[in-house]
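J.: quick check, what structure comes out for this input:
(6 chains)
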Protein chains: 4
Amino acid sequence: MPKVGMEPLRRQQLIDATLKVIDEVGLARTTFALISKEAGMSTGIISHYFGNKKGLIDATVRYLVSQLRVKGVYTDPLQRLMGIVDANFAPIQRSRASGRAWLSFWAQSTQDADLHRLQQINRKRLISNLTYSFRPLIPAEHVKEAAETTAALIDGLWLHCALEPERQELFALHAKRCKVHIQRFLLQFATSNNARER
Amino acid sequence: MPKVGMEPLRRQQLIDATLKVIDEVGLARTTFALISKEAGMSTGIISHYFGNKKGLIDATVRYLVSQLRVKGVYTDPLQRLMGIVDANFAPIQRSRASGRAWLSFWAQSTQDADLHRLQQINRKRLISNLTYSFRPLIPAEHVKEAAETTAALIDGLWLHCALEPERQELFALHAKRCKVHIQRFLLQFATSNNARER
Amino acid sequence: MPKVGMEPLRRQQLIDATLKVIDEVGLARTTFALISKEAGMSTGIISHYFGNKKGLIDATVRYLVSQLRVKGVYTDPLQRLMGIVDANFAPIQRSRASGRAWLSFWAQSTQDADLHRLQQINRKRLISNLTYSFRPLIPAEHVKEAAETTAALIDGLWLHCALEPERQELFALHAKRCKVHIQRFLLQFATSNNARER
Amino acid sequence: MPKVGMEPLRRQQLIDATLKVIDEVGLARTTFALISKEAGMSTGIISHYFGNKKGLIDATVRYLVSQLRVKGVYTDPLQRLMGIVDANFAPIQRSRASGRAWLSFWAQSTQDADLHRLQQINRKRLISNLTYSFRPLIPAEHVKEAAETTAALIDGLWLHCALEPERQELFALHAKRCKVHIQRFLLQFATSNNARER
DNA sequence: TATGAATGAGCCTTCATTCAT
DNA sequence: TATGAATGAAGGCTCATTCAT
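T.: Below is the predicted model of the structure:
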């Protein structure tokens, strides 16, 4: 019997190769030939494991989404907010490839129902996390807007990182900037609370 | 019968057709055949006027960039900030096509030096405009951060619009939200100014 | 403007090339590469004129079907029957290719609704022609069976020709044999008529 | 745990699976993957037992040919003729699969020397059987033609059954029709004999 | 004896680009 | 100036066959 348990390994190897190739030539020029060469396998293996190109792309996106999960457990809401920001900047900070890939997938998601769903799930999770963390910190009527605006700010800063992949210093700078912005935002309500208390 | 002076008209018709096709099928599936059919011309005319596909895409991006210019003259800095926001949401509000196209071009810009340059020019102009308007309103040491963060917020909200092209109500909502956020941001400094003045 | 009126010519050239290639290597190994090489054109031209492979195959079958039409006008029913036989053996007699192609298409027709329909139309036309010609010659209650059995005999003899493409003498022999059989069949009723008349 | 003496069983299971798959998707789309799945075995086993695809196809044809042997022993020549007809319609009557498969193999036989030989052997045996049975019944100078024409009629009627696999009633109808035709044919000579005798 | 993961040649099809008209 | 027929390279995908286990 041939080697067993190779499937998860091979799949991950192919996903890694896909991310690398997308980083190098862009999603539009990403071909089976380039991916299989990068992975050191044959072209047939991709269809074998993922059915077709869409299957590979979907799996790659799902992998990227899974990388965004918040690590660690936070008891302090503010610490949790900072953790969310870090979790969203971590992958792009780890590898330039994921930033470019995300951008391509977002663009593609307007034409592909599955990608669109994945992207929506991802966004909803982010907003849900933010909402949960903002709630103890600010008045209820501002929570929704705070969460959605913060999500947009993360996306916007993140987008800038992806568009300037050579400027690696942006990753840390923008994560920092995002945290500062949140803290300043919270300060407003602390101030007005104080004002009211006085 | 060929006519003289047709060139600018033909070029614009082809650019419009290109945007429409990108909106309908995505940049990856945008072909000369679809564009020329949409424009009611032959496939050959595209190479004739734009040299090759890249020439057409570049011209289309340049057209989109030109659409973002701030309309009107503002004397009040705050009014000018609001005008910048409106100018950035106007094109996507006018036609769903430009949102999708922008997203595709951004993704492509990581692989194409010309697109990258166009995208950088656009961004620098936005930040320059924001900087100019923030300067009279907040302390000098916060201007740069305010401009860049606001630019990111605009991009992030705009991105959400582009990713949810069916939800047309987002265009106005996000423009509004962006303006509210800017005003609240300015309020901070007004408050602290007042506090100091007292 | 490029040459006009090329389409019918090109289409026929490609159909002829297809028949030749099917004859040489069989339908299963008939490829765009072989067909376009045989026709002295590029591979792309086939999709250009026929959409896809199925389009080409369907057009080729339709051409073969059109070749089976009975030539000439007959007033005498018996002469007409002989004409029908000749019309059915003529194409295979003219070119070995059509015999092999027909066989392949028949085999394929069990998997392809369009081919099945074409084959049924063809068969119904043959039986209709035979019925029309038998009617004045034999009692009404035997016409249907005579037509269907004769159709089967034509198919069976024809099949033998297609399966032995090297034995070109079979074409004439089987056409002759078919006619003899029909005449002998008619003789039966002539005899019994005479018997009854007596 | 491998067993000894499995070979004949495994081979037959694979041949049965092959016939089933050919019936379902046609010879052109019959793949090792489908066959092995149908048989509940691995893809490798086919090459293991039959060498390659051609080996499997040849074995399948040989199996079909073997199914056509006349069952039973007949003393009466006329009964024997009817038995030959029954033997030729029996397989297709038993399973729709064999009809489709035969048709595919016939088409393929024009490109494959081995298949062609098998098909010729089969035909010669049929004609030999018919000749042997016709000889006591009709004048010697008509035997050859009677045998060959009857063979063609059987093929033609059989072909119609294969092309209309949904119409299962055709199997019995055409077998019957074939027998009637033979009897009417024999009647001719009986009549003329009687005439002469008178 | 039996497996099924892996290969890679070859298929159909798409499409930017060319060029005779 | 404008056409669109024609090209042919390159893509995704299929599948018979191999071979380590």
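J.: identify the residues contacting the residue lying closest to A:T110 once chain neighbours are set aside.
T.: Leaving aside its chain neighbours, A:T110 sits nearest to B:R100 (5.1 Å; criterion: CB to CB, 6 or more residues apart in numbering or on different chains). To be clear about C-beta, it is placed using only N, CA and C from the backbone, and glycine gets the same treatment. B:R100 makes contact with A:107, A:110, B:22-23, B:26, B:162, B:165, according to CB atoms under 8 Å, 6 or more residues apart in numbering or on different chains.
J.: please flag which of these sit within helices.
T.: Using DSSP state H, the members of the contacts of B:R100 that fall in helices are A:107, B:22-23, B:162.
J.: could you dump those to a markdown table with neighbour count?
T.: Listed next are these as a markdown table, based on neighbours: other CB atoms under 10 Å in any protein chain shown:
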| residue | neighbour count |
| --- | --- |
| A:A107 | 26 |
| B:I22 | 27 |
| B:D23 | 21 |
| B:A162 | 22 |
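J.: wait, which of the residues you listed is closest to chain D?
T.: Nearest to chain D among the ones in helices among the contacts of B:R100: A:A107, at 35.6 Å, using CB to the nearest CB.
J.: just the pLDDT for that closest one.
T.: According to the prediction, A:A107 has pLDDT 93.
J.: ok, the closest residue to it other than its chain neighbours - contacts?
T.: The spatially closest residue to A:A107, leaving aside those adjacent along the chain, is B:A107, at 4.1 Å (CB to CB, 6+ apart). Contacts of B:A107 were listed using CB under 8 Å, 6+ apart, and they are A:26-27, A:100, A:103-104, A:106-107.
J.: near DNA strand E, from the contacts of B:R100?
T.: Near DNA strand E, judged by CB under 7 Å from any atom of the strand, there are no entries from the contacts of B:R100.
J.: tell me the two of the contacts of B:A107 that are most distant?
T.: Largest separation among the contacts of B:A107 by CB to CB: A:G26 and A:W106, giving 13.5 Å.
J.: neighbour count: the two, which is higher?
T.: Comparing A:G26 with A:W106 by other CB atoms under 10 Å in any protein chain shown, the one with more neighbours is A:W106, at 23 against 19.
J.: surely the more buried one is in contact with B:G156?
T.: No. A:W106 is beyond contact range of B:G156, at 12.0 Å (criterion: CB atoms under 8 Å).
J.: tell me where the longest helix sits in chain A.
T.: Counting residues, the longest helix found in chain A (DSSP H) is helix A:169-197.
J.: where does chain A dip in pLDDT?
T.: Along chain A, the parts satisfying pLDDT under 70 run over A:1-4, A:191-198.
J.: what do you get if the cut-off is 80, keeping everything else the same?
T.: Applying pLDDT under 80 to chain A flags the ranges A:1-5, A:93, A:189-198.
J.: which parts of it are helices?
T.: Using DSSP H, the helices of chain A run over A:6-25, A:32-39, A:44-50, A:53-66, A:77-94, A:96-109, A:113-134, A:140-163, A:169-197.
J.: what's in contact with the fifth one?
T.: It stands for helix A:77-94. Residues from elsewhere that reach helix A:77-94, judged by CB under 8 Å, 6+ apart: A:64, A:67-72, A:74, A:98-99, A:102, A:126, A:129-130, A:132-137, A:154, A:158, A:161-162, A:171-172, A:174-175, A:178-179, A:182-183, A:186.
J.: how does chain A divide up, domain by domain?
T.: Following automatic domain parsing, chain A resolves into domains at A:6-63, A:70-197.
J.: do the shortest one and chain B meet?
T.: Okay, so that is domain A:6-63. Yes. On the criterion CB under 8 Å from any CB of the partner chain, domain A:6-63 is in touch with chain B at A:25-29.
J.: what distance separates the start and the end of that domain?
T.: With CA to CA, to the nearest Å applied, domain A:6-63 spans 18 Å between its terminal residues.
J.: distance check, the closest residue in space to A:G72 that isn't next to it in sequence against chain D.
T.: Leaving aside its sequence neighbours, A:G72 sits nearest to A:G83 (CB to CB, 6+ apart; 6.0 Å). Counting by CB to the nearest CB, to the nearest Å, the gap from A:G83 to chain D is 48 Å.
J.: count the neighbours of the closest residue to DNA strand E within chain A for me.
T.: Across chain A, no residue is closer to DNA strand E than A:G44, which sits at 1.9 Å (CB to the nearest atom of the strand). Number of residues near A:G44 (other CB under 10 Å) recorded here: 10.
J.: DNA strand F contacts on chain A?
T.: So far as CB under 7 Å from any atom of the strand goes, chain A lies against DNA strand F at A:1-3, A:29-33, A:43-44, A:47-48, A:51-54.
J.: taking these, please make a ChimeraX selection of just the buried ones.
T.: Buried subset of those, written as a ChimeraX selection, criterion 16 or more other CB atoms under 10 Å in any protein chain shown:
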select /A:30,32
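J.: which of the residues of chain A next to DNA strand F sit farthest apart?
T.: The span of the residues of chain A next to DNA strand F, defined through CB to CB, is set by A:M1 and A:R29 at 38.8 Å.
J.: ok and the residue in chain A nearest chain B?
T.: When distances are taken as CB to the nearest CB, chain A reaches nearest to chain B at A:G156, 3.0 Å away.
J.: go ahead and confirm that residue touches B:H160.
T.: No. The pair A:G156 / B:H160 is not scored as a contact, 9.6 Å apart, by CB under 8 Å.
J.: who has more neighbours, those two?
T.: Neighbours per residue (other CB under 10 Å) separate A:G156 from B:H160, with A:G156 holding more: 24 against 19.
J.: so what's the more buried one up against?
T.: For A:G156, the contact set (CB under 8 Å, 6+ apart) comprises B:151-157, B:159.
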